[in-house]
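*Asks:* Give me a model of this one.
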Amino acid sequence: MTDKGLSMEPYKGVRDFYPEDMAIFRYITDTMRQTAELFGYEEYGASVLEPSELYRGKSGDEIVNEQTYTFIDRGEREVTLRPEMTPTVSRMIAAMRRNLPMPIRWYSIPNLFRYEQPQRGRLREHWQLNCDLFGVNSVEGDAEVILLASSIMRAFGLTETDFVIRVNNRKIMNFIISDYLKLDDSIGKKISRIIDKKEKLPVAEFKKMVTSAIGEKDEILLTLLESKNFEEFVSHLPKNETLNIALQEMRTLIESLENKGVRNVQFDQTLMRGFDYYTGIVFEIFDTNPKNRRALFGGGRYDNLLSAFGVEPLSAVGFGMGDVTMRDVLETRGLLPKYKNPAYLAIIMAEQQCLPYASELTRKLRADNVAVSMDISGKKVGDQIKAADKKGIPFILVIGDDEVKSGNLKIKELATGVETVISDEKLSAFFKK
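*Replies:* Below is the predicted model of the structure:
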């Protein structure tokens, strides 16, 4: 409340979509949807409410306790506004897996909620494209999903120099943490989160955090993390059969993507992804623009998540792509589409007695799929024309007694001032040529 009444501001961290904003949002989600369906992905949906236990231990307790909208409902159940979609789609697949032919290619564009400090590219509510592939237990599955992510970026008009696809393998990092450095589970999770923050921290502060977490083993880890490329990284690792399988997965993935025309792939051993459920390949799309250098979105393989529902594990890989960061990218590069009013013609009445004729004309045009906005405000003709121009409606048609009697109409294109006289019978054909 204010002294003058209720506040006109939206809740902190969420957005109002005025028509121009909504048009951009629709462009972004339509582009996502069309590209996903080109790859044969089917759209699904689910409720925004989930039991909180769905996220504990899988997304991580930190997310539930600190970053979600979690509350007790009237039935004394703890529920959460979904912060991500992967646990939900896993629950749905687990419930129906016996009736679903493999492989499963699903996508959705839900709104998600995170209670965190709003900042550029990150709000408390956003919409996110989620694409998931179930039932493909090979690197080709990872490659398909990354190719899809890359194809969506290209569908927005970006080129391979505009973004980098950073890849890593959690199997490699898990081996280093558990088998090579022999860190226990709690320390391993802690160091994983520190590694994931490497690029956001000053060098000295990052090294201090690593040393504080693992002590005298810090030199081994820091040497690995500071390797400049994949081969240098591998040269510092011990010989091990399990590790070699994971390293070969990485080589195969990069080669497969190159064969598919995706050549902006970069190995990044510091890429961990925050969720606990990742089991293999992880990746992030990174913007190369100096004005917006940051990770845009990412995903990875999560083969064990379905087992939480008491069913056999099922191989799975997917990603989530938010609308907020995509708008930032498109805005930074001048790739946002120019707003167009959905109406193509504004019908303006010089006298109110022309309403029956104008209404019938409007009905016929709409029946022929011509988008029409009829001004029924009763304002002066000049004011109606100004309103149509301000709204960006390209054509106007003023109807007075003469037009009603003769059936001859004068169409004016506002941008050029060009006028065309045409009979009302041919009006639809004029706009469809």
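*Asks:* In space, what's closest to G40 - neighbours in sequence excluded?
*Replies:* R105 (5.3 Å; CB to CB, 6 or more residues apart in numbering). For the C-beta atoms, the positions are set from N, CA and C on the backbone; glycine is no exception.
*Asks:* and that neighbour, that one's in a helix?
*Replies:* No: under DSSP: H, G, I helix; E, B strand; the rest coil, R105 sits outside any helix and is assigned strand.
*Asks:* can you tell me which residues contact it?
*Replies:* By CB atoms under 8 Å, 6 or more residues apart in numbering, the contact set of R105 is F39, G40, Y41, E42, C131, D132, L133.
*Asks:* one more time with 6 Å, if that's ok
*Replies:* For R105, the contacting residues are G40, Y41, L133, by CB atoms under 6 Å, 6 or more residues apart in numbering.
*Asks:* Go through these and flag which are in strands.
*Replies:* When DSSP state E is applied, the contacts of R105 are split such that L133 fall in strands.
*Asks:* Can you check what pLDDT the model gives the residue nearest to G40?
*Replies:* On the pLDDT scale, R105 is placed at 98.
*Asks:* just T332 next, same as before
*Replies:* 91.
*Asks:* Okay, the residue nearest to G40 and P337: tell me how far apart.
*Replies:* 28 Å (CB to CB, to the nearest Å).
*Asks:* Same question for D276.
*Replies:* Counting by CB to CB, the gap from D276 to P337 is 39 Å.
*Asks:* which of the two has more neighbours?
*Replies:* Counted by other CB atoms under 10 Å, D276 and P337 do not tie: D276 has more neighbours, with 17 against 13.
*Asks:* The stretch 151-300 of the chain: helices as residue ranges?
*Replies:* 170-174, 185-196, 203-214, 218-225, 230-235, 241-259 (DSSP state H, counting those that start in this stretch).
*Asks:* so for the fourth one, what's the average pLDDT?
*Replies:* Helix 218-225 comes out with an average pLDDT of 92.
*Asks:* Repeat that for the shortest one.
*Replies:* Mean pLDDT, taken over the full extent of helix 170-174, equals 92.
*Asks:* Might you list the low-confidence residue ranges for the stretch 1-150 of the chain?
*Replies:* 1-2, 57-62 (pLDDT under 70).
*Asks:* Please enumerate the strands of it.
*Replies:* 42-43, 49-51, 69-72, 78-81, 104-108, 111-113, 125-134 (DSSP state E, counting those that start in this stretch).
*Asks:* got a list of contacts for stretch 304-313?
*Replies:* So stretch 304-313 is contacted by S90, A94, Y277, T279, D303, L314 (CB under 6 Å, 6+ apart).
*Asks:* Tell me which of the helices of the stretch 151-300 of the chain sits nearest to R154.
*Replies:* Closest of the helices of the stretch 151-300 of the chain to R154 is helix 241-259, at 13.6 Å (criterion: CB to CB).
*Asks:* what packs against that closest one?
*Replies:* helix 139-155, strand 163-169 (3 or more CB pairs under 6 Å, 6 or more residues apart in numbering; DSSP states H and E).
*Asks:* Outline the domain layout of the chain.
*Replies:* Here the domain assignment for the chain is 19-332, 345-432, based on automatic domain parsing.
*Asks:* Deepest-packed of the ones you listed, please.
*Replies:* domain 19-332 (a mean of 17; mean count of other CB atoms under 10 Å).
*Asks:* follow-up on the earlier one: just send the domains of the chain back as a markdown table, with distance to K12 too.
*Replies:* Formatted as a markdown table, the domains of the chain follow (distance: least, CB to CB, whole Å):
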| stretch | distance to K12 |
| --- | --- |
| domain 19-332 | 7 |
| domain 345-432 | 31 |
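*Asks:* Of all these, which one comes closest to S7?
*Replies:* Nearest to S7, of the domains of the chain and by CB to CB, is domain 19-332 at 16.6 Å.
*Asks:* Now do the closest one: distance from first to last residue.
*Replies:* Taking CA to CA, to the nearest Å as the measure, domain 19-332 stretches 21 Å from start to finish.
*Asks:* Check the offset of that domain from the chain's centre.
*Replies:* 13 Å (CA atoms, centre = their mean, to the nearest Å).
*Asks:* Ok, stretch 399-414 next?
*Replies:* The answer for stretch 399-414 is 47 Å, by CA atoms, centre = their mean.
*Asks:* So what touches it?
*Replies:* 349-351, 354, 357-358, 389, 395-397, 419-424.
*Asks:* and of those, the nearest to V64?
*Replies:* Looking across the contacts of stretch 399-414 and measuring by CB to CB, the closest to V64 is D389, at 51.7 Å.
*Asks:* Tell me which residues touch that closest one, please.
*Replies:* D389 neighbours (CB under 6 Å, 6+ apart): L414.
*Asks:* Export the helices and strands packed on helix 241-259 as TSV, with columns for distance to V324.
*Replies:* Shown next, in TSV, are those (distance: least, CB to CB, whole Å):
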stretch	distance to V324
helix 139-155	15
strand 163-169	16
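*Asks:* Pairing partners for the nearest residue to F230 once chain neighbours are set aside in the sheet, please.
*Replies:* Excluding its sequence neighbours, the residue lying closest to F230 (CB to CB, 6+ apart) is F267, at 4.2 Å. Taking DSSP bridges, one obtains V167 as the residues bridged to F267.
*Asks:* re earlier: mind putting the strands of the stretch 1-150 of the chain into a markdown table with distance to F309?
*Replies:* Output for the strands of the stretch 1-150 of the chain, formatted as a markdown table (distance: least, CB to CB, whole Å):
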| stretch | distance to F309 |
| --- | --- |
| strand 42-43 | 21 |
| strand 49-51 | 12 |
| strand 69-72 | 20 |
| strand 78-81 | 17 |
| strand 104-108 | 15 |
| strand 111-113 | 21 |
| strand 125-134 | 13 |
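*Asks:* I am finished for the moment; much appreciated.
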